[in-house]
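# pasting the sequence and the predicted model now:
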Protein chains: 2
Amino acid sequence: MTRDGSDVDQAVVRRSIDTIRALAMDSVQQANSGHPGTAMALAPLGYTLFTRFLRCDPAAPEWPGRDRFVLSSGHAVILQYALLHLTGYDLSLDDLRQFRQWGSRTPGHPERGHTAGVEVTTGPLGQGVGNAVGMALAERFLQERYGRPGGPSPLDHRVWAICSDGDLMEGVSQEAAGIAGQLGLGKLCLCYDDNRITIDGTTELSFNAEDHLKRFEALGWHVLSVDDSEDLDALHAALAAAREETERPSFVKIRSHIAYPAPNAVDTAKSHGSALGEEEVRATKEVLGFDPDAHFAVDEAVYRHMDLRERGAAERARWQESFDAWSAAHPDMRAEWDRAHAGEPEPGWREALPTFPAGEKLATRAAGNAVMQALAPYTPTMIGGAADLVESTRTTFVGGGQFARVHAGRNVPFGIREHGMGAIVNGAAAHGGILSPYGSTFLIFSDYMRASVRLSALSRLPVVWAYTHDSVGLGEDGPTHQPVEHYAALRAIPHLWFIRPADANETAVAWRVALERDDGPVALALSRQGIPTLDRDKVAAADGLAQGAYVLWEPAGDGDPDAILIATGAEVGPTLDAARALADAGVRARVVSMPCWELFEAQDDAYRDAVLPPTVPTRLSVEPGVTLGWSRWVGDRGASLGIDRFGASAPGTRVLEELGFTQERIAAEALALLDRVA
Amino acid sequence: MTRDGSDVDQAVVRRSIDTIRALAMDSVQQANSGHPGTAMALAPLGYTLFTRFLRCDPAAPEWPGRDRFVLSSGHAVILQYALLHLTGYDLSLDDLRQFRQWGSRTPGHPERGHTAGVEVTTGPLGQGVGNAVGMALAERFLQERYGRPGGPSPLDHRVWAICSDGDLMEGVSQEAAGIAGQLGLGKLCLCYDDNRITIDGTTELSFNAEDHLKRFEALGWHVLSVDDSEDLDALHAALAAAREETERPSFVKIRSHIAYPAPNAVDTAKSHGSALGEEEVRATKEVLGFDPDAHFAVDEAVYRHMDLRERGAAERARWQESFDAWSAAHPDMRAEWDRAHAGEPEPGWREALPTFPAGEKLATRAAGNAVMQALAPYTPTMIGGAADLVESTRTTFVGGGQFARVHAGRNVPFGIREHGMGAIVNGAAAHGGILSPYGSTFLIFSDYMRASVRLSALSRLPVVWAYTHDSVGLGEDGPTHQPVEHYAALRAIPHLWFIRPADANETAVAWRVALERDDGPVALALSRQGIPTLDRDKVAAADGLAQGAYVLWEPAGDGDPDAILIATGAEVGPTLDAARALADAGVRARVVSMPCWELFEAQDDAYRDAVLPPTVPTRLSVEPGVTLGWSRWVGDRGASLGIDRFGASAPGTRVLEELGFTQERIAAEALALLDRVA
């Protein structure tokens, strides 16, 4: 049956499915690299999903009303490329011939931004499951915001995802699935390719004791099973049942045979990650009734049958009509919608940012909370939450409501699931319409979600990672909870901005910078402990944060200072005190606040040389983390006050004191440096 | 009932349990920091487990025959400290008074090596579950090795663990539980504290849709439930049933009430992570019939009742008798046992390490495989495996057997569960008797297991993280699979040694260094692609790796070289070629192979200055990763050839070429540097 119930020629259906297989084999063979087996086995599922269920318009791959499709088992990407090509997306046979080649639109795993129709970057297993949950969450939130009460609704789409055993073994998918079950994300359908083959052999080694359906049922999911991936009726029935379900996410287990119907490669681990070889490709094409000498060959009938452009245009037109009616009825909402989809908060948001009076001791996590409250009215579709730590991270929109079984709240209770949170936030950002979604936890636990943070940077998603408890100054919880290497580890990730603001006012600017960035993620590091708010009448304005580093304070006198003290975050305050004490003692030390290396790197030489004049080699960095990387800024004749060890359990002030982060020690280090250089 | 079936005075039982509660309250109150609620709620479980089930001898906390106890919910550590104190371990009331203070033996979370009776460092949630699985795996493996055929067995103990909802929400515990179910680790019992309270409120927000028993049953576990944590008979019955089970790991869900019986704090989130306050402590003591004015007060009767030293000594003596008999029957095995427990391979192992002939192109992952085969006979209790990638990482003992339902194999099929693997390997190392256990995956996926890698370093566990596919040179899989920031990110972790060997012979030395290290972890980075094995007749010996960096090749001529080229891993070869070409052109460039920064840092100044003379500031580093940190070695007047971006999908040689890692480009960069400095 087709979507509208009419009969179609079963021969062209089979030929279409087998063409997907042939293209997968040919592309992998041409590249002599890739994963043909899964693409071949899932050709019937891919065919059924795209032609019968997925609401899409190949001519408008970013149409907001589309269903979302996520291939979490990204190694099988050639399946997706073949489907995109055959259904009419902007992906040619030549693109398929360039599979896995430099500069092509067909990289080895799906990459967001490289290929029309690819929603998210997947490959690292389990991430796509979390992304799909994030998209389903975004859909529900936006539907609640824009679709009620009554009337036409601009949003009402589904999220379809395919995953492998590897995706299900990874903890990140378990975390995401737990959240999806908890929150009742009923628009999500996850198809599990149960092929019982892994790189190292069969799942008997590592995965056969598990009852997958029972596990997902235990997580609150609607579960379905298809015994034979070649049974199109069964596939159709299962997907249709998933589409009917609205209260619970659906999990469809599909028994498949990797590399089917390759005569020798079927059900083998080798066909997972290697080209089949010319001979096996020929043999398989013979089984399929294809010309073994033809490569990248597609029947016109298949093109005609699988082309979704006409249907897609009609569906999009229907949606557009509904959307236009909604827009006419709700012009304010429509304006907000447009801004949110462009990544813009409501007008006036910058002016609404708070400034904080000098002197008051305020943790930057508390300042961050105040900033969020000020932003709340201007960022109506900004959602996020913490991994069960909002009481500590303070990253909550007061009065914004909990996102729970009712999907209207802005505060998402992720539970103690950092990695799942990371993948979900990425998915929400990729969905569109959600403004700078954020995930929050203690800085130390950025380790748990690091793979998702990396993907946010690789995918250039405008998300915010709001980390608190950002140093050994958190105190008693001890070394298991005290970040020391995390500044360096996050700075190491390309394209991620890591910002550690010095006080409440820098925190406000940091959030502004985070919301202004539209081509990548920002990680904030905020303090647990109180920090005196700097008196900006006596030091430079906090706006300097936007340049990454700036001269915060300059001692009296002419010419170059004797030394430059460079500090970040909570350590800027005692460094300033140290510099003032040094000035009283006749030593002129400039203080540079350096909250963000990446932004400073992006400035021109003139600005950087003005802040850190090459003529002043006596530079001391002050940061309670590993010194790795600081030589870049302090140079051969500088020094770094850091913590090249793990922390310790004791009250925070004591730990900082023992490890050398006091005004006195900073001043002493500066003097020792001047002595050495003199 | 006591263990031997006799009746005991129920009053002293209750008083003992309540004393645990009182000590927990007093310690947290004294520190004004900590987590009293869980310790109070779990006092009956802790009491029952320690006094009725745990085989231990407080006077010999490292006795190999002991049961292992893991508190995965490490924030509740005051429960463990109170139990250790009351049962006669070397932990005094004064130590409890010093809870969470600088230099104390009672840090804020359990820290291996700080406190007698603490087996592993926990706190980051979920890790302890994995550690416990690793211990249960180690026990089964050693039992198979030493306990068969027939006769007395030196090993036959259980692993008891306690975890919280947070532990179960974390993906790492799901991964570890999946492996435990798959492998039938029947000596493990995991008690789940079902208190329905999290930091942010109740589990209704984030965890109540889940049927925990069903989930663990789906993973192949034996599941049990206790409806009331105050019901000692039910607790006893459940733990006894777990002890009887040998084929499947046991999961015991125990419904508890956090902070019970504090009149106002019970069942509140606040009592999770804050001191109760003087008033509430007083009120609770009154409920318990304790003197509200007394602090850290323990009845003599409680000490007498809970003291496990006599029983422990008797149990240990019985074990020793059996162990002595076994030793007499199997002197060779006993000698191996002693060496394995001391972290020593069998004699002759260093001599058995292979050397590789020059010229042959060999991936360092392949060289690593050859080294492992050579080591295999000398490291009979070295076990490990990959996260379903041994076909790619090659980290397998050929003929060593699969660790499966029969627990004799050395190759552990972890499945696609990097994080679980990390925690399990840590647990196996902490168990004792397992020589340098290892976990392996692609370097990129070190991100997935980073929290466990950190804990291996913090806990100083002698484990090996064998990472392969160590650069963009892996090729077609593209940026999702190509590490670039991982060198820096792993170097950032204190106390971890990160080694990237240049060729096959350096790989052999790297494995030697890894096996020799007994106070911390070593991470290896090995190549996917073939690397020419250097001709050691023409360059310095690979032993130089043990110093972290060494002069590999020096051009002819006297005095300082014109430049120093510093490279790691696969890039050493082309750097050497570049230097030779430069020499032909009259430019004298020294080549330094620098496989391990941490080992080089540990050398004295004289050695480091000999390798990198301060008189030669023209230094170029060559490594296909982010340049973060390299300024430390190349200095203000040096330069770094690196990759400060993500990689790309294409054949590996093309990617390396496009990103600048060819002999020609290296030589050109060196010349450009000399031009700039001149």
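Okay, I see it.
# please list all residues in contact with A:Phe356.
A:362, A:367, A:370, A:503-505, A:508, A:533 (Cβ atoms under 8 Å, 6 or more residues apart in numbering or on different chains). To be clear about C-beta, it is placed using only N, CA and C from the backbone, and glycine gets the same treatment.
# out of those, which end up buried?
Buried subset of the contacts of A:Phe356 (neighbour count, 16 or more other Cβ atoms under 10 Å in any protein chain shown): A:362, A:367, A:370, A:503-505, A:508, A:533.
# ok, of the contacts of A:Phe356, which one's closest to chain B?
A:Ala370 (19.6 Å; Cβ to the nearest Cβ).
# who's in contact with the helix or strand harbouring that closest one?
Secondary structure from DSSP states H and E places A:Ala370 in helix A:364-375. Helix A:364-375 is contacted from outside by A:345, A:349, A:352-354, A:356, A:382, A:392-398, A:466, A:468-470, A:501, A:503-508, A:511, A:515, A:524, A:526-528, A:530-531, A:533, A:569-570, using Cβ under 8 Å, 6+ apart.
# so which of those residues belong to strands?
Mapping the contacts of helix A:364-375 onto strands (DSSP state E) picks out A:466, A:468, A:524.
# from those residues, which single one is nearest chain B?
A:Thr468 (12.8 Å).
# that closest one: how many residues sit nearby?
For A:Thr468, the neighbour count with other Cβ atoms under 10 Å in any protein chain shown is 26.
# and the strands in the stretch 101-250 of chain A?
With DSSP state E, counting those that start in this stretch as the criterion, the stretch 101-250 of chain A has strands at A:159-163, A:188-194, A:197-198, A:201-202, A:222-226, A:250-255.
# picking up where we left off before, tell me which of the buried ones among the contacts of A:Phe356 fall in helices.
A:367, A:370, A:504-505, A:508 (DSSP state H).
# among these, which two are most distant?
Within these, A:Ala370 and A:Asn505 form the most distant pair, 11.0 Å apart (Cβ to Cβ).
# nearest spatial neighbour of the closest residue to chain B within chain A, chain-adjacent residues omitted?
For chain A and chain B, the shortest gap (Cβ to the nearest Cβ) falls at A:Gly171, measuring 1.9 Å. Nearest residue to A:Gly171, sequence neighbours excluded (Cβ to Cβ, 6 or more residues apart in numbering or on different chains): B:Gly171, at 1.9 Å.
# low-confidence ranges, the stretch 1-150 of chain A, go.
Along the stretch 1-150 of chain A, the model assigns pLDDT under 70 to residues A:1-8, A:148-150.
# ok so, going back, tell me the contacts of the residue nearest to A:Gly171?
The contact partners of B:Gly171, taken as Cβ under 8 Å, 6+ apart, are A:126, A:170-175, A:417, A:419-420, B:126, B:419.
# how close does the residue of chain A closest to chain B get to A:Leu552?
Distance of A:Gly171 to A:Leu552, given as Cβ to Cβ, to the nearest Å: 43 Å.
# repeat that for A:Arg536.
A:Arg536 is 10 Å from A:Leu552, where distance means Cβ to Cβ.
# one step back: what would the contacts of B:Gly171 look like in a markdown table with distance to A:Ala39?
Shown next, in a markdown table, are those (distance: Cβ to Cβ, whole Å):
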| residue | distance to A:Ala39 |
| --- | --- |
| A:Gly126 | 20 |
| A:Glu170 | 21 |
| A:Gly171 | 26 |
| A:Val172 | 23 |
| A:Ser173 | 21 |
| A:Gln174 | 26 |
| A:Glu175 | 27 |
| A:Arg417 | 31 |
| A:His419 | 27 |
| A:Gly420 | 27 |
| B:Gly126 | 34 |
| B:His419 | 28 |
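# out of these, flag the one nearest to B:Asp231.
For the contacts of B:Gly171, the nearest to B:Asp231 is B:Gly126 (27.6 Å; Cβ to Cβ).
# dihedrals phi and psi, the residue lying closest to that closest one once chain neighbours are set aside?
Spatially, and ignoring its direct neighbours in sequence, B:Gly126 is nearest to B:Glu170 (3.2 Å; Cβ to Cβ, 6+ apart). For B:Glu170, the backbone dihedrals (degrees, to the nearest 10) come out as phi -70, psi 140.
# just to revisit the earlier point, pLDDT at the residue of chain A closest to chain B, what is it?
Note on A:Gly171: pLDDT of 98.
# how far away is it from A:Asp200?
19 Å.
# can you check A:His157 too?
With Cβ to Cβ as the criterion, A:His157 and A:Asp200 are 38 Å apart.
# one more: A:Ala269?
Look at A:Ala269 and A:Asp200: by Cβ to Cβ, they are 7 Å apart.
# which of these two has more neighbours?
Counted by other Cβ under 10 Å, A:Ala269 and A:Asp200 do not tie: A:Asp200 has more neighbours, with 26 against 18.
# related to what we said a few turns ago, TSV please, covering the ones in strands among the contacts of helix A:364-375 and showing distance to chain B.
Below are the ones in strands among the contacts of helix A:364-375 laid out as TSV (distance: Cβ to the nearest Cβ, whole Å):
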residue	distance to chain B
A:Ala466	15
A:Thr468	13
A:Leu524	19
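# export the residues you listed to JSON lines and tack on pLDDT and distance to B:Pro561?
Below are these laid out as JSON lines (pLDDT from 0 to 100; distance: Cβ to Cβ, whole Å):
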{"residue": "A:Ala466", "pLDDT": "98", "distance to B:Pro561": "49"}
{"residue": "A:Thr468", "pLDDT": "98", "distance to B:Pro561": "49"}
{"residue": "A:Leu524", "pLDDT": "98", "distance to B:Pro561": "45"}
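# now the strands for the stretch 401-550 of chain A?
Using DSSP E, counting those that start in this stretch, strands in the stretch 401-550 of chain A cover A:438-442, A:464-468, A:497-499, A:522-525, A:550-553.
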